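> A structural model of the following input is requested.
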Amino acid sequence: MSLQHKPSKENKEIIVGLDLGTTRIDVIVAEVIDNTLKIVGLGDSPSEGMANGVVVNIDRATESIQKAIAQAEQMCGSDIYRVFVGVTGPHIVSLASNATVPISTSGREITQDDIDRAIEMSSVTQIPMDSQIIHQIPMDFIVDRQGGITNPIGMTAVRFEANVYLAMASRTALINIDTALMRANLKLAEYVLAPLASSYAVLVEEQKELGVAVVDLGGGTTDLAVYAGGTIRHASS
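Take a look at the predicted model:
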């Protein structure tokens with residue numbers, strides 16, 4: 001999950017997360033100090049206008065968001081303008097995509113640019129018409145038909161492939177969330193798949209490597225994230 005960079009008077013980095021649940025809206029504000037997080041603000045309100053991860057009444061959803069934001073602002077003593085928003089619901093679609101990048105007929109070392117190209121090319125696949133990609137996460141790489149590689153940088157190859165996890169959400173569902181945010185005087189920093197965010201909060205690297213499933217039982221949705229080999233393999237809601 002990436003971070004919102006909002007310098008305060010003390011030049012500290014601030015991140016703000018917004019969780020749009022079926023039963024409650026939650027806001028958390030944290031400062032990044034020496035690569036550690038310090039929670040400086042919390043806010044919540046009963047969720048109105050949301051059902052199963054989607055907006056069903058924009059006016060009520062906006063009001064609920066504003067109440068939670070106001071609580072967090074009062075606690076942290078700062079105005080909130082941009083938020084990272086967790087996305088969940090049955091409209092979430094995930095799939096594994098494979099992308100091939102030609103390196104050189106005589107072979108050369110794989111660079112970060114090659115990885116970036118492969119990840120970008122992974123979106124050139126058949127996805128639902130009303131879907132928007134919110135995450136492209138490399139799962140593993142294949143170097144000259146040798147699979148299961150997690151870090152190919154510096155390896156010499158002729159042919160390079162990437163297996164990439166794609167997480168998508170309904171475009172119309174995201175537009176309705178955008179509208180509620182705009183009416184609450186907030187700007188979107190980034191969408192984050194809710195089960196992915198939950199797994200970041202509770203798992204350690206050893207668990208991801210051995211294989212583990214995270215199940216988040218919410219008021220209206222149940223989220224699932226499955227890890228193996230150190231990376232996400234599947235997520236659904």
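> secondary structure class for Tyr227?
At Tyr227 the chain is in strand, as set by DSSP: H, G, I helix; E, B strand; the rest coil.
> and for the closest residue to it other than its chain neighbours, the neighbour number?
In space, and not counting its chain neighbours, Tyr227 is closest to Lys208: 4.2 Å by C-beta to C-beta, 6 or more residues apart in numbering. C-beta here means a position set from N, CA and C on the backbone, and glycine is covered the same way. Per other C-beta atoms under 10 Å, the neighbour tally for Lys208 reads 20.
> was I right about Lys208 contacting Gly230?
Yes: with contacts defined as C-beta atoms under 8 Å, Lys208 counts as touching Gly230 at a distance of 5.1 Å.
> which other helices and strands contact the helix or strand Ile15 falls within?
Using DSSP states H and E, Ile15 falls within strand 13-20. Contacts defined by 3 or more C-beta pairs under 8 Å, 6 or more residues apart in numbering; DSSP states H and E place strand 13-20 against strand 24-33, helix 58-76, strand 82-87.
> now do the residue nearest to Tyr227 against Val215, distance only.
Lys208 sits 15 Å away from Val215, going by C-beta to C-beta, to the nearest Å.
> of all residues in this protein, which one is nearest the centre?
Among the residues of the chain, the one closest to the centroid is Val192, at 2.6 Å (C-alpha atoms, centre = their mean).
> now do the contacts for that one.
Residues in contact with Val192 (C-beta atoms under 8 Å, 6 or more residues apart in numbering) are Met1, Gly17, Phe84, Val85, Gly86, Val87, Ile134, His135.
> any of those buried? List them.
By neighbour count, with 16 or more other C-beta atoms under 10 Å, the contacts of Val192 hold Gly17, Phe84, Val85, Gly86, Val87, Ile134, His135 as buried.
> pLDDT and distance to Leu203 added to these, as a markdown table?
Formatted as a markdown table, the buried ones among the contacts of Val192 follow (pLDDT from 0 to 100; distance: C-beta to C-beta, whole Å):
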| residue | pLDDT | distance to Leu203 |
| --- | --- | --- |
| Gly17 | 96 | 17 |
| Phe84 | 96 | 19 |
| Val85 | 96 | 21 |
| Gly86 | 93 | 16 |
| Val87 | 92 | 19 |
| Ile134 | 93 | 20 |
| His135 | 93 | 16 |
